[in-house]
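Student: with the sequence up front, the predicted model follows.
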Amino acid sequence: MGVKGLRPYMPWREADLVDYRGRRVGVDGFLWLFQAISAYIGVLRRDNLSRSHVPHFVNGALRLLDNGIMPVIVFDGVFPPARHARQRSGAGPAPAAAALPVVRAVEVEGVDAGTAEKASPLLPLLAKIVVDAFQEHEDARIRAVQFITTPYEADAQLAYLASLPPSDPHHVHAVVTEDSDLLAFGVQRVLFKFKPASNRVREVCVLDVLEGKKGLRCGVEHPLVFGRPWWTLDKFQAMCVLCGCEYLDNVPDVGLKTAHELMSECSTWQAAVAALRRRGGVGPVPEGYEQRFQRALWYFKHAVVYSPGQRKLVHLTPLPEGGLVMPTFVRPAQRQQQLRNGNGDGGKRRKLEAEAQQQQDSSTSGEESGGGEETDDEGERVQDEEGHDVLGRLLPDDVAQGIAEGRLNPVTRQPFALPPLVAVGGQGPLRASGRSVLGGAGAAAAGGQEGSGDETDDPEDRMAEKE
């Protein structure tokens, strides 16, 4: 799903892959996987798995490698606890551990939900088949492609790799995806509309968007207006949460335009939510919304990811000293009652007003919030009803390494046990020559001719003006 309605409103520039020569570029691995298997995902069974989806990965990797780009392909693991929290807030039944790839198939690739659910246990196996095939490939360039399977979400993992300093050997300069969550995570260069048959992509640079850079293209007639210094990454992330994202559903009748308007008028997200409660023409703001909002922001900033340099799990950005402490949110009516109860006590009134102002002025950077293992009297421990840390658990190093390096199934956390693979007729050894023509679903996914990356008839663009 990503952030509801965001992508068409994000200005972009048309780029050529040669612009990224000499760089490392992250790839959303399940995007390529669902493109490759979409035509036959409904008939997948454990006893008919094959390498038929591997050529799509080879072709995509070769397109990047031929332009001097080293791909880093990242696969999803399981649902982070933040997603469980969203489901329990009313978005549907709590998902199973293996459900994250299924949700991505349904939301990003449009795969039928029932079909995707049946294929769910097989998806980590299909990813493992890709990793093994690359390691056995005759082309040394293909064998050198790096894979990471994150214990939780690929979005946060890719954001972490992009956030590393350029001097870090694991840094990625840009990310190939179709998921707008990468923008909300603050990835500076996101490449949309990548096709193995074309060199053209749409690059969205978050900093350019927030600075209101001129000369960019947009898929809608009236794009959103941003500009520094008012629009910071913190405000942009708050807008993404307010309009509805994978970790918090939007308030009914609040879409991207309304969220942008509120964050343009208010200095903090707390003030924006308070304004939303007073606003007519939108659905009611549910109880506990501010707490869930804060948790969603924490996840965008502090999700658990794998550090290939340290070979252990870390937070996307370090937790503030003292951990995450949930602020006390007081609704306007409650605050007025507190002030009335002051009975003219000016000191108490000033104290309450100061506390209210401090709450409104608190930043969403997490400096006063937290998800440590311990709790104290100043705030609640950030965990869901089942006791799971909303940000994800820091698994033992050997387990994290086994998942990330493709030895352990991210769902079962046990060694992979692949069944015998069905031979694909006439496939033979995977070869790099001739760009190996894709068959079936792969060909449809790769579709388009050289230079066809600039589609103007984008369904998302057409739907954007309907909000």
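Tutor: All right, it came through fine. Residues are numbered from 1 along each chain as shown.
Student: for the rest of this, base every contact and every neighbour count on C-alpha atoms.
Tutor: Will do.
Student: count the neighbours of the residue nearest to residue 164 when sequence neighbours are not counted for me.
Tutor: Nearest residue to residue 164 in three dimensions, chain neighbours excluded: residue 171, at 5.2 Å (C-alpha to C-alpha, 6 or more residues apart in numbering). Counted with other C-alpha atoms under 10 Å, the neighbours of residue 171 add up to 21.
Student: are we agreed that residue 171 is in a strand?
Tutor: No. Residue assignment for residue 171, taken from DSSP: H, G, I helix; E, B strand; the rest coil, gives coil, which places it outside any strand.
Student: show the pLDDT at residue 427.
Tutor: On the pLDDT scale, residue 427 is placed at 46.
Student: all strands for the stretch 251-400 of the chain, in order.
Tutor: With strands called from DSSP state E, counting those that start in this stretch, the stretch 251-400 of the chain shows them at 304-307, 312-315.
Student: and the ones you listed as TSV, adding mean neighbour count?
Tutor: Listed next are the strands of the stretch 251-400 of the chain as TSV, based on neighbours: other C-alpha atoms under 10 Å:
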stretch	mean neighbour count
strand 304-307	27
strand 312-315	20
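Student: how's the chain carved up into domains?
Tutor: With domains defined by automatic domain parsing, the chain comprises 7-326+381-437, 332-361.
Student: looking at those domains, which is buried most?
Tutor: Greatest average neighbour count among the domains of the chain goes to domain 7-326+381-437 (a mean of 19), per mean count of other C-alpha atoms under 10 Å.
Student: how far does that one sit from its chain's centre?
Tutor: 4 Å (C-alpha atoms, centre = their mean, to the nearest Å).
Student: ok, now how distant is residue 164 from residue 187?
Tutor: Distance of residue 164 to residue 187, given as C-alpha to C-alpha, to the nearest Å: 11 Å.
Student: apologies, that question was intended for residue 36.
Tutor: Distance from residue 36 to residue 187, by C-alpha to C-alpha: 25 Å.
Student: pretty sure residue 28 contacts residue 154?
Tutor: Yes. Under the criterion of C-alpha atoms under 8 Å, residue 28 makes contact with residue 154 at 6.8 Å.
Student: shared neighbours, the two?
Tutor: Counting by C-alpha atoms under 8 Å, 6 or more residues apart in numbering, the shared contacts of residue 28 and residue 154 are 74-75.
Student: tell me the SS of residue 15?
Tutor: Secondary structure state of residue 15, per three-state DSSP, is strand.
Student: so who does it touch?
Tutor: Here residue 15 is in contact with 200-203 (C-alpha under 8 Å, 6+ apart).
Student: apply 6 Å and report the result again.
Tutor: 200-201 (C-alpha atoms under 6 Å, 6 or more residues apart in numbering).
Student: now do the one 3 residues further on
Tutor: Residue 18 is in contact with residue 67, counting by C-alpha under 6 Å, 6+ apart.
Student: and it, how far from residue 187?
Tutor: Taking C-alpha to C-alpha, one finds residue 18 at 20 Å from residue 187.
Student: just to revisit the earlier point, confidence-wise, which of the domains of the chain is weakest overall?
Tutor: Among the domains of the chain, domain 332-361 scores lowest, with a mean of 47.
Student: what's the helix or strand for residue 194?
Tutor: In this structure, residue 194 sits in neither a helix nor a strand according to DSSP states H and E.
Student: quick thing: my sequence starts at 13, can you match it?
Tutor: I'll keep to 13 as the first residue from here, and by that count the last item is residue 206.
Student: could you find the closest non-adjacent residue to it?
Tutor: The shortest distance from residue 206 to any non-neighbouring residue, by C-alpha to C-alpha, 6+ apart, is to residue 213 (5.3 Å).
Student: checking my notes, the one you found in a strand, right?
Tutor: Yes. Assessed by three-state DSSP, residue 213 belongs to a strand.
Student: bridged to it, which residues?
Tutor: For residue 213, the beta-bridge partners are residue 27 (DSSP bridges).
Student: list the contacts of it.
Tutor: Counting by C-alpha under 6 Å, 6+ apart, residue 213 has contacts 27, 204-206, 465.
Student: make CSV from the residues you listed and add distance to residue 244 to it.
Tutor: Below are the contacts of residue 213 laid out as CSV (distance: C-alpha to C-alpha, whole Å):
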residue, distance to residue 244
27, 25
204, 23
205, 26
206, 28
465, 30
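Student: closest one of the residues you listed to residue 222?
Tutor: residue 204 (18.4 Å; C-alpha to C-alpha).
Student: quick check: nearest residue in space to the closest one, chain neighbours excluded?
Tutor: residue 214 (5.0 Å).
Student: how close does that neighbour get to residue 206?
Tutor: 8 Å.
Student: next: residue 227.
Tutor: 22 Å.
Student: can you check residue 321 too?
Tutor: On the measure of C-alpha to C-alpha, residue 321 and residue 206 end up 28 Å apart.
Student: repeat for residue 301
Tutor: 37 Å.
Student: what do you get for residue 289?
Tutor: 41 Å.
Student: repeat for residue 307
Tutor: 32 Å.
Student: ditto for residue 157
Tutor: When distance is defined by C-alpha to C-alpha, residue 157 is 18 Å away from residue 206.
Student: what about residue 145, which SS state?
Tutor: helix.
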